[in-house]
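Chemist: Provided below for reference: sequence and predicted model.
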Amino acid sequence: MHDILSELTWRGLINQTTDERMADWLMEKPRTLYVGFDPTADSLHVGHLLALMTLRRFQQAGHRPIALVGGATGMIGDPSGKSEERKLLSEETLRANVEGMARQMKRFLDFDRGEISALLVNNYDWMGKFSYLGFLRDVGKHFPVNVMLAKDSVRSRLERTDSGLSYTEFSYMLLQAYDFVQLYDAHGCELQAGGSDQWGNITAGIDLARRLRSVQLYGLTIPLLTKSDGTKMGKTESGAVWLAADKTSPYQFYQYWINLEDADVDKCLRFFTDLGREDIESLVVRHMADPGRREAQRRLADELTRLVHGAEGLSTAQRATEVFFGAEIHELSDSQLREIFADVPSKALPRDRLSGNGLSLIDALVEAGLAKSKGEARRTITQGGAYVNNRRVAIVETNLGPSDLASETVLVLRSGKKNYALLRFE
RNA sequence: GGGGGGUUUCCCGAGUGGCCAAAGGGGUCAGACUGUAAAUCUGAUGGCGAUGCCUUCGCAGGUUCAAAUCCUGCACCCCCCA
């Protein structure tokens, strides 16, 4: 068996483990492990990537991964790592969220690999059947309140004066603990992994299994993902970086990684790619020698975009990148342009605006939303910041006619380095 | 209740009768440089049919050839005395 634990260790993916001997235990035979995902949205985002990749690595090493989506626990809200009581989601929303997340997991895990095929479970399937009294008798009975109160997730919330902790959220760890026992019963799952804020919940499950089943289960936590500047990984000014193409386009996703700071790129390569130790080390050495080439970022972006959006998504992103950063636009069709500029605002105008003297560049910039007023448009042009189909046009009096179209009906306007807008003449 | 100060263009903040679309800074936008980085430098920054016209200095009136600037009333904010 592949020594998964030492692999995870050099990748920096181990925060804590519940047992010193876990490495040997994992080498003995294929084990089953699980990670829980909170279904707060209908897509996974970069914040989930670390856990997902961990499951993936375990599977590649010959173990069986289970991804648990918390259809039931999501109804309650995990207090770990949160400073405020969580809003409850409707059952409908939850169902849609679970579905959306499940679809994306298929890219990371192999669901058709014999003995170690990945499994996707929803804890609503067993939790939903529990009666309140039944749960209190079977599960609640085994939880000393003083132990529960000592958990970080609970204590930190109780210490705050500005936000409370409801009984509902307080009970969360019981649900997660029971999940672990349930997965042990149903699938022989013996290991739970999770973010470092999950330590308390994981150990709660281990304790419960010892009491109920007299078995020793295992847990490990993954470090919290932060960037060198202290901000959260996977966040941009416009929000989270999602894995769903309709929330974060392949191009935007690709660009997020391309733009990663030098200080974070080594860590991300180890965290998020399947590249081996030697590949990563030599890549980083080459990157340091010539950081301007962004070789490490490019490789990271390539690998991740291919994993999340497939080879096709990657090539779209790469083509869009070429165009966005200078390549002149010609000999492209409407559909190619639409694909490349999928993220760019566009506006349709009647085609006859191009006839006669044509459309003035000033009006075009205003119509496209690249200038708030004609004065602003005029300034942009004068200062050399206006581009038609990626070619600078510095003459204020320019009029655009049918020959200026980049394709059958599309005109590509740009103001400054990267503010694009499309005008479609239909 | 009495006394004083304030309200300016996206923000802060100058401006006390014409030279004010209004200093300066921040922000923003564009350009140069650069690694699609950071820093730096330069320019721009109310609108428009543009050597001019229109709108803007808490709100409403008034004085004046001329008001962000003076007068009256109103609204809101701050400080001091009771």
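Modeler: Sure thing, it's come through.

Chemist: Could you say which helix or strand holds the residue nearest to A:Leu275 when sequence neighbours are not counted?
Modeler: Spatial nearest neighbour of A:Leu275, excluding adjacent residues (Cβ to Cβ, 6 or more residues apart in numbering): A:Leu269 at 6.3 Å. To be clear about C-beta, it is placed using only N, CA and C from the backbone, and glycine gets the same treatment. Element membership for A:Leu269, per DSSP states H and E: helix A:262-272.

Chemist: So which other helices or strands are in contact with the helix or strand immediately after that helix in the chain?
Modeler: Helices and strands here follow DSSP H and E; after helix A:262-272, the next one along the chain is helix A:277-289. Counting contacts by 3 or more Cβ pairs under 8 Å, 6 or more residues apart in numbering; DSSP states H and E, helix A:277-289 packs against helix A:262-272, helix A:295-324.

Chemist: Now with 6 Å, please.
Modeler: Other elements packing on helix A:277-289 under the criterion 3 or more Cβ pairs under 6 Å, 6 or more residues apart in numbering; DSSP states H and E are helix A:295-324.

Chemist: what about whichever helix or strand comes after the helix it packs on, distance to the chain center?
Modeler: Going down the chain from helix A:295-324, the next helix or strand is helix A:334-340, by DSSP H and E. Put simply, helix A:334-340 sits 26 Å off its chain's centre (Cα atoms, centre = their mean, to the nearest Å).

Chemist: got the contact list for helix A:334-340?
Modeler: A:Thr316, A:Arg319, A:Ala320, A:Val323, A:Ser407, A:Glu408, A:Thr409, A:Val410 (Cβ atoms under 6 Å, 6 or more residues apart in numbering).

Chemist: buried ones in it?
Modeler: Buried residues in helix A:334-340, counted by 16 or more other Cβ atoms under 10 Å: A:Gln336, A:Leu337, A:Arg338, A:Glu339, A:Ile340.

Chemist: Quick check, pLDDT for the last one.
Modeler: When you say that, I think you mean A:Ile340. Listed pLDDT for A:Ile340 reads 87.

Chemist: Same check on the one 5 residues further on?
Modeler: The score at A:Pro345 is 89. That number is its pLDDT.

Chemist: what sits against it?
Modeler: Contacts of A:Pro345 (Cβ under 6 Å, 6+ apart): A:Gly369, A:Ala421.

Chemist: cool, and A:Gln297?
Modeler: With Cβ under 6 Å, 6+ apart, A:Gln297 has these contacts: A:Ile258, A:Leu260, A:Val265.

Chemist: at 10 Å instead, please
Modeler: A:Trp257, A:Ile258, A:Asn259, A:Leu260, A:Glu261, A:Asp262, A:Asp264, A:Val265, A:Cys268, A:Leu269, A:His287, A:Pro291 (Cβ atoms under 10 Å, 6 or more residues apart in numbering).

Chemist: State the number of residues packed around the third one.
Modeler: By that I understand A:Asn259. 11 (other Cβ atoms under 10 Å).

Chemist: how near is it to A:Val139?
Modeler: 47 Å (Cβ to Cβ, to the nearest Å).

Chemist: Dump the buried residues of helix A:334-340 into a markdown table; add distance to A:Ser415 as well.
Modeler: Listed next are these as a markdown table, based on distance: Cβ to Cβ, whole Å:
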| residue | distance to A:Ser415 |
| --- | --- |
| A:Gln336 | 22 |
| A:Leu337 | 18 |
| A:Arg338 | 20 |
| A:Glu339 | 22 |
| A:Ile340 | 18 |
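
Chemist: from these, which is closest to A:Asp38?
Modeler: Nearest to A:Asp38, judged by Cβ to Cβ, of the buried residues of helix A:334-340 is A:Glu339 at 33.2 Å.

Chemist: what does the average pLDDT come to for stretch A:40-48?
Modeler: Here the average pLDDT along stretch A:40-48 is 91.

Chemist: How far does the helix or strand of chain A with the lowest mean pLDDT sit from its chain's centre?
Modeler: When each helix and strand of chain A is scored by mean pLDDT, DSSP states H and E, strand A:235-236 comes last, with a mean of 77. In this view, strand A:235-236 has its centroid 11 Å away from the chain centroid, taken as Cα atoms, centre = their mean.

Chemist: what's it packed up against?
Modeler: The contact analysis (3 or more Cβ pairs under 10 Å, 6 or more residues apart in numbering; DSSP states H and E) places strand A:235-236 against helix A:46-60, helix A:250-258.

Chemist: Restricted to buried residues, select the contacts of A:Gln297 in ChimeraX.
Modeler: In ChimeraX, a selection of the buried entries from these looks like this (16+ other Cβ under 10 Å):
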select /A:257,258,260,264,265,268,269,287
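
Chemist: just checking: which of the contacts of A:Gln297 also lie near RNA strand B?
Modeler: The residues of the contacts of A:Gln297 that also fall near RNA strand B, by Cβ under 7 Å from any atom of the strand, are A:Ile258, A:Asn259, A:Glu261, A:Asp262, A:Pro291.
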